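> what's the 3D shape of this:
(2 chains)
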Amino acid sequence: RRLCILKGIYPHEPKHKKKVNKGSTAARTFYLLKDIKFLLHEPIVNKFREYKVFVRKLRKAYGKSEWSTVDRLKDNKPSYKLDHIVKERYPTFVDALRDLDDALSMCFLFSTFPRTGKCHVQTIQLCRRLAVEFLNYVIASRSLRKVFLSIKGIYYQAEVLGQPVTWITPYTFAHDHPTDVDYRVMATFTEFYTTLLGFVNFRLYHSLNLLYPPKIDGQADVELKPVEGKEYAMDSESYLEKLSALSASLARVVAPTHEDEVEMDEFPVEGETAEQMDARKKEQEALEKHKKLFEGLRFFLNREVPREPLAFIIRCFGGQVSWDKSLCIGATYDVSDPSITHQIVDRPRLEQQVVGRYYLQPQWVFDSVNAKLCLPVADYFPGVLLPPHLSPFVTEQEGDYVPPEKLKLLAMQRGENPDEESEEEEEEEEEEEDENDKEEEEEEDESEKEEEMKLKKMEEQKTQSNKALPVKVTAGKLRLEDKQRLEQEQQSEEKRLAIMMMKKREKYLYKKIMFGKKRKVREANKLAAKRKAHDTAVKEEKKKSKKARRA
Amino acid sequence: PALTPLPSTPLQDIRNTVGNIPMEWYQDFPHIGYSLEGKKIYKPIRNKDELDMFLEKMENPDYWRTVQDKMTGADIKLTDEQVDLVHRLQKGQFGDVHFNSYEPAVDFFTHEVMIHPVTNRPADKRSFIPSLIEKEKVSKLVHAIKMGWIKPRKPKDDTPTYYDLWAHEDPNSILGRHKMHVPAPKMKLPGHEESYNPPPEYLLSEEEKLAWEQQEPAERKLNFVPQQYRCLRAVPAYSRFIHERFERCLDLYLCPRQRKMRVNVDPEDLIPKLPKPRDLQPFPTTQALVYRGHTSLVRCLSISPSGQWLVSGSDDCTVRFWEVCTARCMKTLPVGGVVKSVAWNPNPTICLVAICVEQSVLLVNPCLGDKLLYGATDQLLESYVAPEEERVQPVQWVTATMEEHGKGVRLIVQHSKAVKQVTWHGKGDYFASVVSDNSNMQVLIHQTSKRWSQNPFRKSKGLVQCVLFHPIRPYFFVATQRYVRVYNLLKQELTKKLMTNCKWVSSMAIHPGGDNIICGSYDSKLAWFDLDLSTRPYQLLRHHKKALRSVAFHKHYPLFASGSDDGTVIVCHGMVYNDLLQNPLLVPVKVLKGHAMTLDLGVLDVLFHPTQPWVFSSGADGTVRLYT
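So this is what the prediction gives:
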């Protein structure tokens, strides 16, 4: 099992299940014979055997309490490396990047585990180190694209060398460890993933001319020194902690030259029209702009907001961030700093507010990143009912249900500003409605009467026309409509007849596709209806409260 | 009141007679142990309550030095020495007052090394010769090293844990394995409903939540319940996070992977391109006339070769003759039995209708149309001269009585069992009847002019459903439940056996060209056979939703129709080309509805007009309808 996990061997579904399974149809997993032979050639098998023997010897020595033997055995503890397996599974670096999703998620999960029980402390520490290193790389390369706060955890998506890498981190709470989970399997996976992630990190750091293992930049180091000297005795520990503070930039092998950002030479690809070129250029510009989203802004995180994700995100987009000194090391400035522009707060009310900065809820940061622009701050003040947080991973196709908030956002991205107008309009409308309410009620009665009258008239007309049908010539207008409808009907009938003539297999396929389409439409309609009901309910409540206030 | 100390009795010396036992044993008794005389030694009476205790505490100056002796239960006042001892012990000092713990130390031995040894014993021999035990140990070690059992410590490898693994990307290292490798699909990205603050429409309503809970965990569309939190601070940890990662791990190494081709076709492309029905006109499109009159289901229809008269047989024991154009019932003929089948003689010079009524076939002259014509028919029938020698016949030919003759019945062919179907040969002299029987007497062929019947088959080959004459050649088609057999009447042999691929054939019709047959079946299939092509159906059409009752071909137009229990008649365009290489073209052109469903039955019989592109259908609702 361990070998399968490490070597990435997976079962296969045989073509003739019954034949392979000697006639029975019971569920079994089948591996290719080729794969198993391939596993047998693996040199690590011997290493595993050696380790097994070592464990046996050690146990025996302990049992006999031969301490010198124990020491000797421990000195000669066999070790194995997974480097060659990583290289074999991912012959190119891009392959490794493609498979990074699970590795990252796993490392982030393991780095949050408590240091007791379940798995080795070294593994946890290694995971934490690798995760922090990766985060630092993402900050340095500014490659974060999307973030999403879900009920499961926080999703991040970064674009590393053109490959989208998505990972999820749990919220920082103690896990209640389930009993029906085999931690050995997870540990084996993590073993492989840490090796992979280590090599990937190394390569990534070198691609940015950064030192690996990462060192914090000199200037920042000096600033941090006094704090460190007082509070942290152990150098190695403080190193990781400082790194995980994510506040300082990293040291480079080559001194950073600011002329790095030379304009990319344009390589006109043959067969590409000018339009495409333009579109690409525009995209590039938008990307650059997105990368510098928080450039020049100074944030301060209150102690109740999750520090690490927010600091990570803000730094990824060029903002400066600090927090309370007692919360974590690496704080660069204080609350009272007048140059702070945004303070992230997650409590309903704040006693003392400093003029000159925005007090915002953390969702603003996430939504701004996803919208690729700094959203209006008014919706995110502390204590305000937040607008819904939408997933950036959903791209609506035609016919899908699009929540109205998304529509608004898309409009804003296009540069329009329908938001204010519509809101104003809404308010106006509401006011008007309120004013008109009484009138309407009166009007309604009248209108009802009118409607009744109309209905009666219609009926009369109908009966007349029915009576007069044999004599009268029908109007031309009616006929036109009929024609259209008839045509439609005819077409639909033709289609139905053609469907009747389809072959059995095709008919099945067609029916399946149509069923899927219909289900999609149905779901979208359902969501829309739900939204409508909710909106009306909210509106009515508003009205009621308004009335109550007036009264 | 202060408690008086116990009187000092001689008994007091005997402190306790019970011995060294846990005193709890006597806790609940009023006494402790027994005296020599065997009398109980009572505990001192302690009836002090809290108040008494308190008062005593306040008033008795010696209260603090009073303790209770557990052995006897008496209160004892400690003396001054005793109190002092307690104090000393509490301080951690020695109990004895006179003990001096800081006495000056006395050296027993000097610290200086003397020139004379303490003992004068000479050194042992063993201290001069090498130790055997050590030698043994060393030799063991040497042996172990020689044998390679003990290895030197491995040098610490100082290669860095991480290095540029992909420094030399070798294109040759991409093996065949990598090309075969199916990468695991990535985790599904979260949608709006997974947000901690989703739009309100994504939250589940009460019923949906209930439904979600009742579903199996594997069947659920979402593996979580969407929830809304007002702020980020309120979001709790997701309890199934580790589970989900673990499941992902299991998927990665235990799930069989397979490349599946996703069908990415436009559903519109799947619809076959057929010629438009408009281009295939004429065909019946609308209901034109309804022939009302029957009170029960109309089982069968037939039309005169001129197309002017229509005859219908019904379960109300009557046969009605209609004029096609006006839907007028010209004549009603009560026959005294359920009419199973009617057939108008296809010869235009003869005006004769064969009607199946229970065990007999009536040959009726309806006396409609040209008087000369039906007069001639009567003459033809009367010109029969009985042969001299009576031949043995399977049926009896009876001439109608005068009364019956008045109604139009000319001849009665009496069978032994109930007759199911009757059908004429194209020339109009012969007709075949099907008897519901298991023997070889199921199919009989009769000759009208000679009033002579014969049984063509020696053996029964299954339950015969219907029979048919070939319109041109001397072939005879017999449909049993699953097969259609084609017999050559001249050679008297079986020429073909057609497999219908159906469970139960209900009806059969032949193309006027004679090379194509359609079979309707009760399992709602219609099979088109090309006799030149193969014995299997050229096409199986599953247009109807319920059992097919009857099928019909048009005489001139390339049309065929099928009527079914679902109350519809489907008219199809069935073009047969003279060119042998070109397959027939089958296009459904119209679905005709009109018959009401009665007793789960819809259309019972369909029939084309001989010259016009009109189709008649008779239904279980007692009507006959004409579509033009």
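> can you classify the residue in the stretch 451-600 of chain B positioned nearest to chain A by secondary structure?
Here the stretch 451-600 of chain B gets closest to chain A at one residue, residue B:588, 4.5 Å apart by CB to the nearest CB. In this view, the C-beta of every residue, glycine as well, is placed from N, C-alpha and C. Classification of residue B:588 by DSSP: H, G, I helix; E, B strand; the rest coil places it in strand.
> what residues are bridge-paired with it?
Bridge pairing for residue B:588 (DSSP bridges) gives the partners residue B:572.
> now do the contacts for it.
A:497, A:500-501, B:541, B:543, B:570-573 (CB atoms under 8 Å, 6 or more residues apart in numbering or on different chains).
> and it, what pLDDT?
pLDDT for residue B:588: 81.
> would you map the strands across the stretch 501-628 of chain B?
Applying DSSP state E, counting those that start in this stretch to the stretch 501-628 of chain B gives strands spanning B:505-510, B:516-521, B:526-530, B:539-541, B:548-553, B:559-564, B:568-575, B:585-593, B:603-608, B:615-619, B:623-627.
> what do you get for chain A?
Assigned by DSSP state E, chain A shows strands spanning A:144-149, A:154-160, A:163-169, A:298-301, A:320-323, A:342-344, A:358-360.
> packing partners for the fifth one?
Strand A:320-323 sits against strand A:298-301, helix A:307-316, with contacts defined as 3 or more CB pairs under 8 Å, 6 or more residues apart in numbering or on different chains; DSSP states H and E.
> dump the ones you listed to a markdown table, plus mean pLDDT and mean neighbour count.
A markdown table is the format used below for the helices and strands packed on strand A:320-323 (pLDDT from 0 to 100; neighbours: other CB atoms under 10 Å in any protein chain shown):
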| stretch | mean pLDDT | mean neighbour count |
| --- | --- | --- |
| strand A:298-301 | 84 | 24 |
| helix A:307-316 | 84 | 23 |
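> what's the closest of those to chain B?
Among the helices and strands packed on strand A:320-323, helix A:307-316 sits nearest to chain B (CB to the nearest CB), with 9.6 Å.
> for residue A:175, see how far away the residue of the stretch 451-600 of chain B closest to chain A is.
Residue B:588 sits 64 Å away from residue A:175, going by CB to CB, to the nearest Å.
> confidence score at the residue nearest the centre of chain B?
What sits nearest the mean C-alpha location of chain B, by CA atoms, centre = their mean, is residue B:219, with 14.0 Å. According to the prediction, residue B:219 has pLDDT 76.
> quick one: secondary structure of it?
Per three-state DSSP, residue B:219 ends up coil.
> burial count for the closest residue to residue A:155 other than its chain neighbours?
In space, residue A:155 comes closest to residue A:148 once its chain neighbours are excluded; the distance is 4.2 Å by CB to CB, 6 or more residues apart in numbering or on different chains. Residue A:148 is flanked by 28 other residues according to other CB atoms under 10 Å in any protein chain shown.
> give the contact list for residue A:148.
Residue A:148 makes contact with A:154-156, A:366, A:370, A:389, A:391-393, B:190, B:194-195 under the criterion CB under 8 Å, 6+ apart.
> cutoff 6 Å now
Residues near residue A:148 by CB atoms under 6 Å, 6 or more residues apart in numbering or on different chains: A:155, A:391-392.
> that one and residue B:27: what is the separation?
For residue A:148, the distance to residue B:27 equals 71 Å [CB to CB].
> residue B:338 now?
Residue B:338 is 108 Å from residue B:27, by CB to CB.
> more neighbours, the two?
residue B:338 (17 against 8).
> I'd guessed the more buried one sits against residue B:315; true?
Yes - here residue B:338 reaches residue B:315: they are 5.2 Å apart, a contact under CB atoms under 6 Å.
> which residues do those two both contact?
By CB under 6 Å, 6+ apart, residue B:338 and residue B:315 have no common neighbours.
> now do the contacts for residue B:136.
By CB under 6 Å, 6+ apart, no residues touch residue B:136.
> quick one: average pLDDT of stretch B:485-497?
For stretch B:485-497, mean pLDDT is 84.
> cool, and stretch B:406-419?
81.
> and the residue nearest to the centre of chain B, backbone torsions?
With angles defined as degrees, to the nearest 10, residue B:219 sits at phi -90, psi -10.
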